[in-house]
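> what's the 3D shape of this:
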Amino acid sequence: MPRVTACRLLGAAAAATLLLASCTPPLPGPGGGAPAAAPAPHVKWTPPPEAPAPVAPAAPVIPPELAERIQRLTMGDVVDLALRGNPATAQAWANARAAAAAYGASKSAYYPTLDGDVSGTRIKTAATSGRVAVIQTVYGPSATLSWLLWDFGGRSGAIESARQALLAADWTHNATIADVVLQAQVAFFNYIATGALLTAQRASVKDAQANLDAAEARRQVGAATIADVLQARTALSQAQLSLDTLEGSRLTARGALAVSLGLNANVPYDVDSVRSLRPIAAVSDSVEAIINRAVRERPDLAAARADAAAAQARIREIRGSRLPSITATGTAGYTDVVNRGSAGTSYNIGLGLAIPLFNGFGREYSQKQAEYLADAAVAQQRSLEQQVTYQVFSAYYALQTATRRVQTSNDLVASAAQSTEVALARYKAGVGTVLDLLAAQGALASARSQVVQSRLAWYISLAQLAHDAGALDPKGGTDLRLSPDTVQSIPQETIPQR
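Numbers count the residues shown, from 1 in each chain. A predicted model of the protein is given here:
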């Protein structure tokens with residue numbers, strides 16, 4: 001080929017290459033002719049025709065033993081459903097099992113490693129210098145053994161680190177269970193409280209209707225003006241508006257409880273509050289005793305201690321990697337050359353001493369890192385101990401305050417009910433004003449609400465204290481000691497319970 005023609009061809013190829021390189025390829029799409037993305041920010045993207053249709057999630061499975069009483073679930077049933085359906089418990093359980101598998105894998109360092117191999121080789125040599133071509137087939141199995149006999153704590157440090165990690169994962173699982181139980185209890189108490197508030201508000205609506213009837217009766221006989229009727233009617237409308245709001249809040253609380261149980265919000269269910277609520281009483285254990293128990297038994301604090309111990313074991317593991325180790329090795333094999341009559345076994349046994357000399361100070365820095373991480377883990381443990389102490393201290397006195405509030409609210413609703421009766425009697429007799437009647441009725445409605453709120457605060461405070469003390473069992477119960485003298489209950493007719 002002439003030189004000029006070759007140069008032209010090379011130039012054309014270079015130009016074509018530059019042209020292709022200057023072109024920007026289109027963005028790849030997901031297939032099916034669908035674009036890679038929307039053509040503009042304000043344009044909706046169109047999926048490919050073969051895009052799979054969204055699959056509806058499977059409905060939660062309700063255990064048969066609970067399905068029979070789904071309309072009267074107790075606290076134990078609610079906690080049971082929450083622990084089964086909450087993904088947090090499943091995740092913590094899987095992490096614990098993974099840590100157990102990692103611990104089992106680390107213990108394999110105590111055993112020898114044995115590997116087998118089977119190889120086959122087909123060899124053909126070339127015929128050169130008067131030598132004929134040779135074809136050979138060589139095959140044979142072999143086994144290799146390696147066993148770490150002794151080191152300066154690196155192996156035991158790694159195994160101890162894995163063991164402590166397993167303990168931490170198990171304690172974390174227990175802490176997750178306690179958290180889920182607390183969440184289920186709070187949702188349970190909130191649902192019951194909204195139902196009690198709804199019942200109390202219905203009583204307030206009934207009282208407001210009675211006030212309106214009294215005002216209209218007095219107006220018919222000329223003892224009251226239209227202003228009294230309008231004020232009473234306004235109070236009735238306000239009470240009815242609050243009732244409508246509480247009905248929506250109760251449905252919302254019902255859905256929140258269902259979700260905390262791992263159920264759909266529209267699942268038909270209800271709870272049995274009579275069997276689930278324990279009598280209100282003051283805690284008899286001292287705050288010091290509960291704090292000591294929490295420091296001793298809190299699962300998250302135990303997990304922090306295990307993490308600190310794992311960090312200390314990690315130091316031993318890295319320190320051992322800087323020191324000599326003794327390893328035994330061995331190899332055994334069988335080799336056969338086909339059609340040559342040449343076959344036999346071979347083996348070798350060795351004992352080696354490995355002495356780490358220098359790797360750019362990498363091992364030294366790794367040990368320093370492990371030591372600092374261990375210091376950080378110990379500091380984290382101490383910080384958590386302080387938090388646990390404060391949490392128990394705060395929850396303990398919150399429970400004491402809630403107990404006193406229950407007693408005070410009981411007295412308040414009793415006096416407010418009597419005041420309302422007196423105000424209504426005075427108004428009907430013509431010696432009281434409608435403003436006095438409405439003020440008394442409003443105070444009674446507020447007292448009813450405070451009774452419910454104070455009881456809700458007591459139940460939540462007890463659950464929180466049991467959780468913070470590490471005394472909350474997987475069934476929602478606790479062995480915290482309460483005084484035998486319960487707080488006097490409010491009259492049944494004052495605020496009907498569900």
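
> For this structure, which segments count as helices?
Ranges of helices in the chain, per DSSP state H, are 3-22, 64-67, 75-85, 87-106, 154-220, 226-260, 273-276, 287-297, 299-321, 362-429, 434-468.

> CSV for those helices, including mean pLDDT, mean neighbour count and distance to residue 131?
Using the backbone N, CA and C atoms, a C-beta is placed for each residue, glycine as well. Listed next are these as CSV, based on pLDDT from 0 to 100; neighbours: other Cβ atoms under 10 Å; distance: least, Cβ to Cβ, whole Å:
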stretch, mean pLDDT, mean neighbour count, distance to residue 131
helix 3-22, 60, 9, 45
helix 64-67, 74, 11, 83
helix 75-85, 88, 22, 78
helix 87-106, 94, 15, 54
helix 154-220, 93, 21, 54
helix 226-260, 92, 17, 84
helix 273-276, 76, 15, 96
helix 287-297, 94, 16, 84
helix 299-321, 95, 21, 53
helix 362-429, 94, 17, 53
helix 434-468, 93, 22, 87
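
> do you know which of those helices lies nearest residue 127?
Counting by Cβ to Cβ, residue 127 lies closest to helix 3-22 out of these; the figure is 41.2 Å.

> most residues in a single strand of this protein, which one?
strand 135-150 (DSSP state E).

> How far off centre is that strand?
With Cα atoms, centre = their mean, to the nearest Å as the basis, strand 135-150 stands 50 Å off its chain's centre.

> Stretch 148-162 now?
The answer for stretch 148-162 is 34 Å, by Cα atoms, centre = their mean.

> Look at that stretch and report the distance between its end residues.
Across stretch 148-162, the terminal residues are separated by 19 Å (Cα to Cα, to the nearest Å).

> And stretch 267-278, by the same measure?
This stretch, stretch 267-278, spans 27 Å end to end (Cα to Cα).

> Distance from that stretch to the middle of the chain?
Stretch 267-278 has its C-alpha centroid displaced from the chain centroid by 24 Å (Cα atoms, centre = their mean).

> same thing with stretch 342-356?
Centroid separation between stretch 342-356 and its chain, computed with Cα atoms, centre = their mean, is 53 Å.

> in it, what's buried?
Residues of stretch 342-356 classed as buried: none (neighbour count, 16 or more other Cβ atoms under 10 Å).

> got the contact list for that stretch?
Here stretch 342-356 makes contact (Cβ atoms under 8 Å, 6 or more residues apart in numbering) with 321-337, 363.

> please redo it, this time with the cut-off set to 10 Å
Outside stretch 342-356, the residues that touch it by Cβ atoms under 10 Å, 6 or more residues apart in numbering are 136, 138-140, 142-146, 148-151, 321-337, 363.

> average pLDDT across that stretch?
Across stretch 342-356, the average pLDDT comes to 88.

> ok, and the closest non-adjacent residue to residue 262?
What sits nearest to residue 262 in space, not counting adjacent residues and going by Cβ to Cβ, 6 or more residues apart in numbering, is residue 85, at 1.8 Å.

> who's in contact with that neighbour?
Under the criterion of Cβ under 10 Å, 6+ apart, the neighbours of residue 85 are 60, 61, 62, 180, 184, 258, 259, 260, 261, 262, 263.

> Closest one of those to residue 251?
Using Cβ to Cβ, residue 258 comes nearest to residue 251 of these, at 10.7 Å.

> Would you agree that closest one is in contact with residue 265?
Yes. Look at residue 258 against residue 265 with Cβ atoms under 10 Å: they come within range, at 5.0 Å.

> and the gap between the residue nearest to residue 262 and residue 194?
Separation of residue 85 from residue 194 (Cβ to Cβ, to the nearest Å) stands at 22 Å.

> Could you do residue 109 as well?
Separation of residue 109 from residue 194 (Cβ to Cβ) stands at 58 Å.

> Show the model's pLDDT score for the residue lying farthest from the centre of the chain.
The centre of the chain is farthest from one residue, residue 130, which by Cα atoms, centre = their mean lies 80.1 Å away. For residue 130, the pLDDT comes out at 70.

> tell me the phi and psi of it?
The phi and psi values for residue 130, taken as degrees, to the nearest 10, are phi 80, psi 0.

> The residue lying closest to residue 117 once chain neighbours are set aside: how many residues sit nearby?
Nearest residue to residue 117, sequence neighbours excluded (Cβ to Cβ, 6+ apart): residue 142, at 5.0 Å. Applying other Cβ atoms under 10 Å, we find 17 residues neighbouring residue 142.

> what do you get for the one 5 residues further on?
Applying other Cβ under 10 Å, we find 14 other residues in the vicinity of residue 147.

> what's near enough to touch it?
Contact analysis of residue 147 by Cβ under 10 Å, 6+ apart lists 110, 111, 112, 113, 114, 326, 327, 328, 329, 330.

> For the fifth one, name its beta-bridge partners.
Just to be clear, that refers to residue 114. According to DSSP bridges, the residues that bridge with residue 114 are residue 145.

> Equivalent analysis for the last one, please.
Under DSSP bridges, the beta-bridge partners of residue 330 are residue 145, residue 349.

> Now for it: which residues touch it?
Applying Cβ under 10 Å, 6+ apart, one finds that residue 330 lies in contact with 112, 114, 143, 144, 145, 146, 147, 347, 348, 349, 350, 351.
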